[in-house]
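In: give the three-dimensional model of this entry:
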Amino acid sequence: MSINYEQEKATLIAGQNNKPEQTLTFESGNEMAAMAAAQINYHIMGYFPITPSTEVAQYLDAMKTRGEHDIVLIPADGEHGSAGVCYGAAAAGGRVFNATSANGFLYMLEQLPVQSGTRFPMVLNLVTRAISGPLDIRGDHSDLYYGLNIGWPILLARDPQAVYDMNIMALRLAEHKDVRLPVMVAYDGFFTSHQKRRVQYFSDRKAVQAFVGEMPSDYVHALDPANPVTIGPYMNDPDLINNNFQQSEAIYRAGELFKEIAAEYEKISGRKYETLDLYRMEDAEVAVFLLNSAAETAKDVADKLRVQGIKAGVISPNVIRPWPTEEIKEACKNLKAILVGERADSYGGHGANLTHEVKSSLQEIKGNETVVLSRIFGVGGKDFFHEDAEAFFNMALEAAELGFAPVPFDYFGHNPGNTMLAPKRVLEPLYGDAFKTGLITVKPNEDTGKLDVKIPPLRALTGKPKRIAPGHGACPGCGIFPGLELFFKGIEGDIVVLFQTGCAMVVTTGYPYSSHKQSYIHNLFQNGAATLSGVVEMFFERKRRGEIEVAEDFTFVMVTGDGGMDIGMGPAIGTALRNHKMIIVEYDNEGYMNTGSQLSYSTPLGHMTSTSNVGKFQQGKKFHHKDTVQIMASTNIPYAFTGTEAFPQDLVKKAAKAQWYAQHMGLVYGKILIACPLNWKSDDEKGGSIVEAAVNSCFFPLYEIEQGITSITYDPEAKGKRIEVQDWLKLMGKTRHMTKLENEQYLQDFAGEVERRWRRLKAKHENEYL
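Out: Here you go, the predicted model:
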């Protein structure tokens, strides 16, 4: 049913007695961001999962299975791709939404000024989180500060209610004819994104849709053949400065228009949002300036100080782009001292970003003598308690009394290390002969052009030390470490291992402890292969220069998984084309399990994840999984293979081959199917039998591609062990729905693709020229 937006809007703002009905509930910030998006009913959401913003897409996917919105959810290959999806969708004239955090925000960063510079509206929720490295998934504002110079208006939301309200106002602001800019809504990771609070939302989405209004129809877009446009032309001086000036004027207008939009929103919601949230500032002499959730803690302390006769107040902005200079000047004109607390640093700047913006505003007040202090606090999600807010006020009081700041800038909450408590090495270093059994032999066969490998019975390798120590934090039944350790049984001698971000990385390296017995490096999802290639080439160059004395048989191994070969595919292909002497091992658990079981491109058709839910309106993932081994083999690397723990001799033998090729010829790629009982919804102890069934169903064939020639290393048909694909699917809760009668078409499509890939593989096995 169509909505008469103008009539609905007129009714909404007619007066207090015409307020639309609201429902009281108890929800988190992420849930309310999804609620607002669903009620607006955007056209497109391009997304990529990253903690703590991941839940927004999850909630929207779950809502879609219930038919609660029509948003097309597009799972990108990384945040850079998701930003591209959003830009393209916006340039095509639709309403666009996204959510991200931390390094994901940085990964998409180069795309964001393109969108603001070409003036295409959208709404992005930034669920703030610490920027790596080292990796920390909890909330601070180090990601937000990277967004200060991208030309987007930035609204802040201190609690779940504000997340809902700001998301509704953000779209109205973004699409206004005098703004036409993408708008960001930023709220604190975990403190606001995951903690549930009492909130109200409009019971009928018509109220939301009437408030934001009908989508503007007079903006240029790429889908009007009668009015062709060139979007994003090449532009030099003197034109670029004019474009930038227009964008600058638009963002300043956004600050004024926010006040108008917020006033209208107050009439229908009863909730008021000023540019600055000022608490007891009418006669304050000292104040703290804090963003988002921390300000709520400080308000309690301000009340306590007021009882003691101290005129204390709290300033917390609802808008930081544009910077509210005039409001800051008015709020601070009578202050003797203000402490600006920031959950991120501008390294080397003698104060973080907003400290300098506060100072810049105050210096415009003639004769102003307000003392400004800067403190970095709460980074990495460190809690901010009442006693911390009291300490901030006490520092401001001291500065007010002295008339200057004894320590203008400092960190707060950091602690010096205690050498007496330094972790002691539990195990003596193992290297050299410790990992050499002498029981594995690999020799080139001049007749076949392949390698001949001899391995002993597996029991003979049990005395070989494990590469990863026990005591890590993996889930019960996790198949990562049985699979990796079995692979490492076939690797002789010393290694340097690089883990991309994922479950295996997180559970083995919780500071200050490490499960890795030999040198380990971490880098982000998208750059692991490139990073290890740099390590490899530095090894050879330092050896050539005589700077290090290390055995020649060093082996370099990169471990990826949890969808890492989506966002990391480009660098991996580049590394393969350069043919560096290293091994890439992918543990395939069929999803982004480290962020909560979202779909990845390795998730098979129909499988249920937290972003491919099963319900009345959808039945799991909608497209087939990609074959990373075939993709990597197409780069002409010397060796590629598949393996599982269910066929141990096969995997150990392939590991030995992989090491030889990596040491003598170039890059090797291997894929190990591993079980994830938590997210596959299967019994902990049945991982081995489930991956064995995957092999016997021909979903995950065991084969190798040696110097371009494909060989199936285990043929379940020839062994008389092939099973129907549904017999494998029945073993996991995430796929049992596919075996039901109403999903027969899904099962047929999936089984048909499994059969097609198996037949193609057999053809390659039978003909070395394929």
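In: contacts, neighbours, all on C-alpha from now
Out: OK.
In: which residues sit in contact with the nearest residue in space to Met395 that is not next to it in sequence?
Out: Computed as C-alpha to C-alpha, 6 or more residues apart in numbering, the closest residue to Met395 that is not its neighbour in sequence is Leu339, at 7.6 Å. Residues near Leu339 by C-alpha atoms under 8 Å, 6 or more residues apart in numbering: Ala287, Val288, Phe289, Val372, Leu373, Ser374, Arg375, Phe392, Phe393, Met395, Ala396.
In: go again using 10 Å as the cut-off
Out: 286-290, 314, 355, 371-375, 392-397, 399, 405, 408-409 (C-alpha atoms under 10 Å, 6 or more residues apart in numbering).
In: same check, this time on Val208
Out: Per C-alpha under 10 Å, 6+ apart, neighbours of Val208: 8-9, 12, 20, 36-37, 39-41, 165, 168-169, 201-202, 265, 268.
In: rerun at 8 Å
Out: Shown in contact with Val208 (C-alpha under 8 Å, 6+ apart): Gln39, Ile40, Ile168, Phe202.
In: cool, Ser597 as well?
Out: Per C-alpha under 8 Å, 6+ apart, neighbours of Ser597: Gly591, Thr609, Ser610, Thr611, Asn679.
In: let's see that with 7 Å instead.
Out: By C-alpha atoms under 7 Å, 6 or more residues apart in numbering, the contact set of Ser597 is Gly591, Thr609, Ser610, Asn679.
In: do Ile495 as well
Out: Gln518, Phe554, Thr555, Phe556.
In: show me which of these are buried.
Out: Applying a neighbour-count criterion of 16 or more other C-alpha atoms under 10 Å, the buried members of those are Phe554, Thr555, Phe556.
In: excluding chain neighbours, what is closest to the second one?
Out: Yep, that's Thr555 we're talking about. Leaving aside its chain neighbours, Thr555 sits nearest to Ile495 (4.7 Å; criterion: C-alpha to C-alpha, 6+ apart).
In: how near is that neighbour to Tyr661?
Out: As judged by C-alpha to C-alpha, to the nearest Å, Ile495 and Tyr661 stand 15 Å apart.
In: going by neighbour count, list what's buried in stretch 322-341.
Out: Buried residues in stretch 322-341, counted by 16+ other C-alpha under 10 Å: 322-325, 328-329, 331-341.
In: give me the number of residues near Asp388?
Out: By the measure other C-alpha atoms under 10 Å, the count of residues near Asp388 is 18.
In: should've said Pro416
Out: Neighbour count of Pro416, defined by other C-alpha under 10 Å: 5.
In: ok, now which ones touch it?
Out: Under the criterion of C-alpha under 7 Å, 6+ apart, Pro416 has no neighbours.
In: look up phi and psi at Arg172.
Out: Dihedral pair for Arg172: phi -60, psi -40, per degrees, to the nearest 10.
In: hang on, isn't it packed against Glu214?
Out: No - taking C-alpha atoms under 7 Å as the definition, Arg172 is not a contact partner of Glu214, at 9.7 Å.
In: the two: who's more crowded?
Out: When neighbours are counted by other C-alpha under 10 Å, Arg172 and Glu214 differ, and Arg172 comes out ahead with 26 against 14.
In: where does this structure dip in pLDDT?
Out: For the chain, the stretches with pLDDT under 70 are 1-17.
In: remind me, longest helix of it?
Out: Longest helix in the chain by number of residues (criterion: DSSP state H): helix 239-269.
In: which other helices and strands contact it?
Out: In terms of contacts (3 or more C-alpha pairs under 7 Å, 6 or more residues apart in numbering; DSSP states H and E), helix 239-269 is packed against helix 160-175.
In: now do the helix it packs on against helix 239-269, angle only.
Out: Here helix 160-175 runs at an angle of 130 degrees relative to helix 239-269 (axes from the mean of the first three to the mean of the last three C-alpha atoms, to 10 degrees).
In: all helices of the stretch 101-250 of the chain, in order?
Out: Shown for the stretch 101-250 of the chain, the helices assigned by DSSP state H, counting those that start in this stretch span residues 102-107, 112-117, 142-146, 160-175, 205-212, 239-269.
In: kindly reformat those as TSV containing distance to Gly574.
Out: Output for those, formatted as TSV (distance: least, C-alpha to C-alpha, whole Å):
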stretch	distance to Gly574
helix 102-107	18
helix 112-117	25
helix 142-146	28
helix 160-175	39
helix 205-212	45
helix 239-269	34
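In: deepest-packed of these, please.
Out: Each of those was scored by mean neighbour count; the highest is helix 160-175, a mean of 26, by mean count of other C-alpha atoms under 10 Å.
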